Each structure stands twice: as C-alpha cells, then as structure tokens.
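[1] Mind looking at a prediction? Sequence and model below.
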Amino acid sequence: MLDIVSPAFRCSLRALGSPNKRDINVALTSLDDPSRFAIQDVASDGQHRLVLSGELDIAAAPSLEACLYELCADASRSIVLDLRKLTFMDSNGLRLTILARELCRQSGCELRLIQGPAQIRRLFEVTALVSQLPFDSTSDQSGPGTAR
C-alpha cells in the first residue's frame, strides 16, 4: 500500500486481488464519510475505466492527478473517466479533465468521458467544455473497452 499524507488528505493505493483492478480512496475527515472521493480503476489490456465517486474538489484532486500521470506514463491505450457516481465537482475537476485530455494527447492514449449527474453536466455546459471534451454518447459503459 502506498500512502501519501498531507494536512488536507490521505491517499491510499492498494491492489485488490488482481493487477487489473485498483482502488484509490481519499478520506477527508473520516473513512465513513459518504462524500469521500474514490477512484476505482477497472483495467483490461491497457484500457482503463476510472469510476469516480464522491466529491471531486481541491482536497481530492491530487489523487486523480497522480493517477492520470501514472496511467499516461505507463503507455495506457485508453482512459475513460466515468463521472456518473460523482456527487460534487468544482473547478479542480474541470481542470483535471482538461489535463487528462492533454496528457492523453501527448502520450497517444485515447480519452473518453461518461457524463455524470445533472449538477456535474451543468459545469461542463456553462464552461462550454461539453463541446470540447470527448464525451461518450452511449449510456451503457460496463467495461474498460466497451465499444461506442
């Protein structure tokens, strides 16, 4: 387990029984906090679907940023950011989606995003990023390599 500790958050990276599935949890105040941000990496053959849940804010952003850098450095073929389980996202989340686009472009990795709940979609609409980022038009995203 890799622990990164700062005054604002604790990030734990641990393998869960398979090298193809990884969970990254960031606890802001308590491990029982339902707003806790988590990243579940569902991976297969160089394709990663990052299922984001909880609140993606300034305290949680470093864990997602580190994950994006790691996946792009590892020559991943594709990354899907699944936003459906997010309950909150601020400008840090918007910054990270733009960073993901740039990192994937530089490393030759395909990037796709799956729309989140209405309040998350609204952020992308008011900033006009909805038309500039590669959102999937399909609603069934069961695996990392699901065809569009």
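    Here it is on my side, so go on.
[2] quick one: contacts of the helix of greatest length in the chain?
    Ordering each helix of the chain by length in residues (DSSP state H) puts helix 91-107 first. Helix 91-107 is contacted from outside by 56-58, 60-61, 64-65, 68-69, 72-73, 75-76, 79, 81, 86, 109-111, 113, 120, 123-124, 127, 129, 133-134, using CB atoms under 8 Å, 6 or more residues apart in numbering. Bear in mind the C-beta positions are built from the backbone N, C-alpha and C, glycine included.
[3] Buried ones among the residues you listed?
    56-57, 60-61, 64-65, 68, 72, 76, 79, 81, 86, 109, 111, 113, 120, 123-124, 129, 133 (16 or more other CB atoms under 10 Å).
[4] coming back round to it: just checking, which of the contacts of helix 91-107 belong to helices?
    Ala61, Leu64, Glu65, Leu68, Tyr69, Cys72, Ala73, Ile120, Leu123, Phe124.
[5] Would you quantify the distance from the fifth one to Ser53?
    Computed as CB to CB, to the nearest Å, the Tyr69 to Ser53 distance reads 21 Å.
[6] distance of Asn92 from Ser63?
    Distance from Asn92 to Ser63, by CB to CB: 11 Å.
[7] pLDDT below threshold where in the protein?
    1-34, 138-148 (pLDDT under 70).
[8] redo that, cut-off 50
    1-21, 23-31, 140-148 (pLDDT under 50).
[9] quick one: the strands in it?
    2-5, 10-15, 21-27, 37-44, 47-56, 78-89, 110-114 (DSSP state E).
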